[in-house]
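Participant: 3D model of this:
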Amino acid sequence: MRTVILDFDIEGFHHFPNAPSVVSFLEHDHRHIFQIRAGLKVDDLNREKEIFIMQDHLKDYLLESYGSPCQFEAMSCEMIAQDLLEFLKEDGGVWVEVFEDSRGGARVDI
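Facilitator: Predicted structure coming up:
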């Protein structure tokens, strides 16, 4: 399989209700720079999906859905990735990764 990879950052806030006591500070809204990566299946090797256009399409979805900066509320990285993958399915989305401050995160595949 061939994929085009989108990769960009977006500012956002979220929180972790019922966080374990050792990280109880995560129960409150906290800011991250979320790094979004997504793979879109392509068949044509010559710009079937234009990266800049697709990244703008995905950013527009995030800003329309979650505001600026994004207010993800109680969504985990896994939940955000799943939402984005559902949005990208008709465009050939096959996986999405969401990282917090380029440190750790989640990947969801079809």
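
Participant: got the buried residues for stretch 89-109?
Facilitator: Using 16 or more other CB atoms under 10 Å as the test for burial, stretch 89-109 gives 92-93, 95-100, 105-106, 108. Glycine gets a C-beta too; all of them are placed from N, C-alpha and C.

Participant: what does that stretch contact?
Facilitator: If you take CB atoms under 8 Å, 6 or more residues apart in numbering as the criterion, stretch 89-109 is touched by 1, 3, 32-42, 49, 54, 57, 76-78, 80-82, 84-85, 87-88, 110.

Participant: excluding its backbone neighbours, what's nearest residue 33?
Facilitator: In this structure, residue 33 finds its nearest non-sequential neighbour in residue 9, 5.1 Å apart by CB to CB, 6 or more residues apart in numbering.

Participant: three-state assignment of the one you found?
Facilitator: strand (DSSP: H, G, I helix; E, B strand; the rest coil).

Participant: so what's it up against?
Facilitator: Taking CB under 8 Å, 6+ apart, we find residue 9 in contact with 33-36.

Participant: which of the residues you listed has the most neighbours?
Facilitator: Using other CB atoms under 10 Å as the neighbour test, the contacts of residue 9 are led by residue 34, with 24 neighbours.

Participant: measure that one to residue 50 for me?
Facilitator: Per CB to CB, to the nearest Å, residue 34 is found 23 Å from residue 50.

Participant: what of residue 105?
Facilitator: According to CB to CB, residue 105 stands 25 Å off from residue 50.

Participant: next: residue 75.
Facilitator: From residue 75 over to residue 50 the distance is 28 Å, taken as CB to CB.

Participant: what about these two, which has more around it?
Facilitator: A side-by-side neighbour count of residue 75 and residue 50, using other CB under 10 Å, places residue 75 first with 19 against 11.

Participant: for residue 73, phi and psi?
Facilitator: phi 60, psi -120 (degrees, to the nearest 10).

Participant: hang on, it packs against residue 12?
Facilitator: No. With contact defined as CB atoms under 8 Å, residue 73 and residue 12 do not form a contacting pair (10.1 Å).
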